[in-house]
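> Structure, please.
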Amino acid sequence: PWNFFYDIPNHSQKQWYQRRVRGVLNYYTNYYYKSNLRIMGILKLKKVLISDKIADICVKTFAANGVEVTYRPGLSKSELIEIIPEFNGLVVRSATKVTAEVIKAATNLEIIGRAGTGTDNIDIPAASDAGVVVMNTPGGNTNSAAEHTCALILSMCRNIPNRHTELMNGQWNRINGIELTGKTIGIIGLGRIGMIVAHRMQAFGMTTIGYDPFVSAEVAAKAGVEAMTLEAMWPLCDFITLHVPLIPPTKHMINAGVLEKCKKGVRIVNCSRGGIIDEEALLESLNSGKVACAALDVFEEEPPQSDSPLLQHPNLIATPHLGASTAEAQTRVAKEIAEQFIAVRDSTSTFGCMNAPLLSGALGEPSKAKLAQQLGMLLYNLAPKANVVYVQGDNASFVPHAVMAGYLNAKGVTSANLISVKKVAAANGLSFEYSAGSGDLVVSSGEVKLSGRSEGNVSFVTKINSNDAFIPLTGNLTLLKTSNIPEGLSRDHVTGIYFAGGDHPRVPFQPGPSVHPQTVR
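Modelled structure (predicted):
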């Protein structure tokens, strides 16, 4: 039976305890536990690299929170790979490509932040496999992107760039344009930006229709947008504006087949991501007159080739990815990304995290997450060859994953956390079976079964196999397995003894009937 637990504040006291107990027990030290891994605050965040141009407020915010910052915009891929092992955090905008190769080289990286919305320049699956948090600043450039969209829509109505160029060349061409009033605009993507565009265009008297698989018809209707399918939308639109991420389902969403279904003379604006429009199909439609005008702030290749036929087309209005390029937006995203890094480090918020749903859940119940992790660590030391870990507790989805993360951490797999644990556990041949239950959290494997609960911010082991206990998992803990029972006691007399350090480092051994674990304060 597992009979003795005690807190050992330092090495000399550990030697004293060993001498003290050795005369009574033949034992071996099975487990040395140190509760220093914070399952919630997974970031050390000592050093952060900023590899793209960003407002000064980002550096100042990090520095004010004790984070060392290296500001190196314009790094080549090879330069980035060479220096990235030094850093815990990486802040980028759109220029730096955070590939799987970069992430593999980043042996100390904990978090990647995109100062902006789109994260298609970050390999999120590779980051998740490595246990690296990926976050963006979803609201920082919302107004700027929406306003730029509106500016391009208005420019298309009168083709203002062409009229300006003609006037500068001495031409006085008073060519008719069109009004927005009474026209229909189809908004693809009814998130923050799409909804603001809808509101602005309604002020011009436009009918707003839209598509978003994640927004209900009721929510859209409250914003004055009629939700409909894409197939129903195409023939109705005088204008189409895109506000979606570049992901496989949206790649070339606007293609030759779609353009064929649109009204003749439709006008299209894209301030979201290059690649959502098939640029070859768009060029053909501009040449045929199917598309009267297009306004692009983003391109499949950035910057595009200056001799591109699309870029040279007289009915194309182009800007160099300016959607978020306002002084206000750049200040907001720069400050917000630094604040979000600090919030994750300090376990106060996971806002903006894109690959950490379990971490978000655990943040709401940190004591439960801590208990699960600590029981997992203890279980490894008692059952180090487990293939399956059985977990019984409430229905919080993060609990079994926190148990497995703790088990793998104790095994020395330091990359296991609530972001990567599924992949890391599978790679280590470990799985779990989870069942809901009430009362204490129970973890087991083979012949070892542990129960525990949290009281305040302290985790307690309440049972080891069939032996009752009440052992706080704080400080440093050594577990001794007895091969002999002290003279005068039977196995029934001893269920466990806890020796506490702190103010009382020398606790005498006092045998007696029905000895139970106890904490000496």
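> and the nearest residue to Cys262 once chain neighbours are set aside, what does it touch?
Residue nearest to Cys262 in three dimensions, not counting chain neighbours: Trp234, with 5.1 Å by CB to CB, 6 or more residues apart in numbering. All C-beta spots, glycine's among them, are computed from the backbone N, C-alpha and C. Contacts for Trp234 (CB atoms under 8 Å, 6 or more residues apart in numbering) come out as 186, 258, 261-262.
> With Arg158 instead?
Counting by CB under 8 Å, 6+ apart, Arg158 touches Gly177.
> now Gly191
Gly191 makes contact with 212, 215, 243, according to CB under 8 Å, 6+ apart.
> These into a markdown table, with extra columns for secondary structure?
Listed next are the contacts of Gly191 as a markdown table, based on DSSP: H, G, I helix; E, B strand; the rest coil:
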| residue | secondary structure |
| --- | --- |
| Asp212 | coil |
| Val215 | coil |
| His243 | coil |
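> JSON lines for the residues you listed, including pLDDT and distance to Met228?
Listed next are the contacts of Gly191 as JSON lines, based on pLDDT from 0 to 100; distance: CB to CB, whole Å:
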{"residue": "Asp212", "pLDDT": "96", "distance to Met228": "11"}
{"residue": "Val215", "pLDDT": "94", "distance to Met228": "12"}
{"residue": "His243", "pLDDT": "96", "distance to Met228": "16"}
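> Most neighbours of all those residues, which one?
Highest neighbour count within the contacts of Gly191, by other CB atoms under 10 Å: His243, with 28 neighbours.
> moving C-terminal of the helix or strand of the chain with the lowest mean pLDDT, what's the next helix or strand?
Ranked by mean pLDDT, DSSP states H and E, the weakest helix or strand in the chain is strand 27-34, scoring a mean of 28. Counting by DSSP states H and E, the next helix or strand C-terminal to strand 27-34 is strand 47-50.
> list the helices and strands the next helix-or-strand element following that following strand packs on?
Downstream of strand 47-50, the first helix or strand assigned by DSSP H and E is helix 56-64. Helix 56-64 sits against strand 47-50, strand 68-71, helix 327-345, with contacts defined as 3 or more CB pairs under 8 Å, 6 or more residues apart in numbering; DSSP states H and E.
> ok, residues contacting helix 56-64?
Helix 56-64 has contacts (CB under 8 Å, 6+ apart) with 48, 50, 68-69, 71, 91, 115, 331, 334-335, 337-339, 341-342.
> what's the closest non-adjacent residue to Val244?
The spatial neighbour of Val244 that comes closest, neighbours along the chain excluded (CB to CB, 6+ apart), is Gly189 at 4.1 Å.
> tell me the contacts of the one you found?
Neighbour list for Gly189: 210-212, 242-244, 272 [criterion: CB under 8 Å, 6+ apart].
> Tabulate these (TSV), appending secondary structure and distance to His321.
Output for those, formatted as TSV (DSSP: H, G, I helix; E, B strand; the rest coil; distance: CB to CB, whole Å):
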residue	secondary structure	distance to His321
Gly210	strand	24
Tyr211	strand	24
Asp212	coil	23
Leu242	strand	14
His243	coil	15
Val244	coil	16
Ser272	coil	11
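> just to revisit the earlier point, give me the distance between the residue nearest to Cys262 and Thr149.
For Trp234, the distance to Thr149 (CB to CB, to the nearest Å) stands at 19 Å.
> Retrieve the pLDDT associated with the residue nearest to Val92 when sequence neighbours are not counted.
Leaving aside its chain neighbours, Val92 sits nearest to Asp52 (5.1 Å; criterion: CB to CB, 6+ apart). On pLDDT, Asp52 comes in at 96.
> what's the farthest-apart pair in the contacts of helix 56-64?
Within the contacts of helix 56-64, two members stand farthest from each other by CB to CB: Glu68 and Thr331, at 22.1 Å.
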